[in-house]
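K.L.:
Build me a structure from this.
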Amino acid sequence: MLRIHFTPEDFARVRVVTNPDPFWEIVCSLHRLQTSQGRWAYAEWYRNAWGPVAGTPLGRAVRRLLVPLLPRAAYFPDFLTPYEAMAGLKAGAAAILDTPAARIAHELRLLDQVAGTTAWARGLVARERRQELLGLLCAYHDAVIAPYQDHMAADIAGERAVRGRQALDAGVHGLLAALTTTARWRPPVLELDYVVDRDLRLDGRGLCLVPSYFCWRTPIALAEDSLPPVLVYPLHDTRRPEPDCPSDASLCALLGRTRAAALQALALGATTSELARRLGVSPATAAHHTGVLREAGLITTRRSLNTVLHTLTPVGAALLRR
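P.N.:
All right, here's what the predicted structure looks like:
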């Protein structure tokens with residue numbers, strides 16, 4: 001069990017990331033390759049993204065080099081999921097390249113105690129070997145993660161909308177209590193089912209929540225307590241394959257295929273650009289659909305500075321619940 005201890009100062013420093021963290025998604029997707037658990041939930045990804053890569057030189061390098069370095073185990077090196085990666089792949093890669101060799105050597109020794117290490121991994125204390133590693137990580141990301149980037153970004157935008165509403169309705173306490181099905185909020189401690197038994201004391205540093213598309217069931221925290229506290233958790237505890245359009249044929253017939261999909265996507269709230277990414281249409285087309293849905297009384301639109309957020313009205317929510 002993981003027990004995260006909050007102080008009063010920590011509640012004001014809880015935040016949810018804005019975009020998918022590329023290195024956490026790389027790690028969690030590699031964990032999906034190492035187990036059959038939850039494979040049905042990512043069947044499309046296995047088929048369309050990993051399948052074409054699996055038998056290539058890239059796929060073989062992933063199996064031979066990355067999987068042993070990032071095992072689905074009680075420990076893997078923290079330096080491969082840098083805090084700076086929240087600003088994007090380039091920032092995360094720079095942080096990995098600049099990681100002190102002493103820290104890398106220490107973390108690789110910890111990995112060796114848990115799952116063993118390869119000679120190639122032990123060479124990562126050298127900057128040149130880390131450059132080689134980053135080339136492989138970026139190639140894997142471009143081939144396997146990037147094709148799902150827009151979908152992941154739309155899902156995380158919806159997740160932020162949900163967490164924001166929870167915080168407004170029930171405060172940070174309510175947000176933490178509803179974080180995942182494995183979470184139990186016993187103020188001031190958040191308890192989560194975990195691979196090891198440990199305590200994480202925030203001590204006023206706050207907590208960065210990182211929803212992950214490829215994280216499955218069990219949240220993940222950095223192993224080293226002195227690093228900025230993050231909690232990676234699954235976007236969906238019980239992910240279901242998403243249909244190309246709403247399963248209710250009458251809704252498609254009433255609104256049209258794309259507009260019905262737009263109404264479903266707005267169940268969590270979304271901006272025009274987020275909706276466009278989710279539907280695979282241009283922002284102008286998305287704006288047209290939201291205009292029609294708004295005139296029909298199915299959604300409402302609010303503007304804050306340069307952001308326009310669309311959410312369902314009670315009538316729109318009732319139409320989806322039928």
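K.L.:
List the buried residues in the helix ranked longest in the chain.
P.N.:
The longest helix of the chain (DSSP state H) is helix 149-177. Of all the residues in helix 149-177, those buried under the rule 16 or more other C-beta atoms under 10 Å are 149, 151-163, 166-167, 172-177. The way it works is simple: take the backbone N, C-alpha and C, and place the C-beta from them, glycine included.
K.L.:
okay, now E107: neighbour count?
P.N.:
E107: 20 surrounding residues under other C-beta atoms under 10 Å.
K.L.:
quick one: it and T300, what's the gap?
P.N.:
49 Å (C-beta to C-beta, to the nearest Å).
K.L.:
gap between the helix or strand bottoming out on mean pLDDT in the chain and the chain center?
P.N.:
Across the helices and strands of the chain, mean pLDDT, DSSP states H and E gives its lowest value to helix 249-255, namely a mean of 74. Taking C-alpha atoms, centre = their mean, to the nearest Å, one finds helix 249-255 lying 32 Å from the centre of the chain it belongs to.
K.L.:
how big is the angle separating the helix or strand that it is followed by from helix 149-177?
P.N.:
Per DSSP states H and E, helix 249-255 leads on to helix 257-265 as the next helix or strand towards the C-terminus. Between helix 257-265 and helix 149-177, the angle comes out at 30 degrees (axes from the mean of the first three to the mean of the last three C-alpha atoms, to 10 degrees).
K.L.:
name the helices or strands packed onto helix 257-265?
P.N.:
The elements that helix 257-265 packs onto, with contact taken as 3 or more C-beta pairs under 8 Å, 6 or more residues apart in numbering; DSSP states H and E, are helix 249-255, helix 272-279, helix 283-295, helix 314-321.
K.L.:
Return that helix as PDB; C-alpha atoms alone will do.
P.N.:
Below are the C-alpha coordinates for helix 257-265, written out as PDB (Å, rounded to 0.1, in the frame of the first residue of the first chain):
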ATOM      1  CA  ARG A 257     -22.700  10.600 -37.000                       C
ATOM      2  CA  THR A 258     -20.200  13.400 -36.300                       C
ATOM      3  CA  ARG A 259     -22.500  15.600 -34.200                       C
ATOM      4  CA  ALA A 260     -23.600  12.600 -32.100                       C
ATOM      5  CA  ALA A 261     -19.900  11.800 -31.500                       C
ATOM      6  CA  ALA A 262     -19.400  15.500 -30.600                       C
ATOM      7  CA  LEU A 263     -22.200  15.400 -28.000                       C
ATOM      8  CA  GLN A 264     -20.700  12.300 -26.400                       C
ATOM      9  CA  ALA A 265     -17.200  13.900 -26.300                       C
END
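K.L.:
Walk me through the domains of the protein.
P.N.:
In the domain annotation for the chain, the residue ranges read 2-17+150-234, 22-148, 249-321 (automatic domain parsing).
K.L.:
quick check: mean pLDDT across the longest helix of the chain?
P.N.:
Helix 149-177 carries an average pLDDT of 84.
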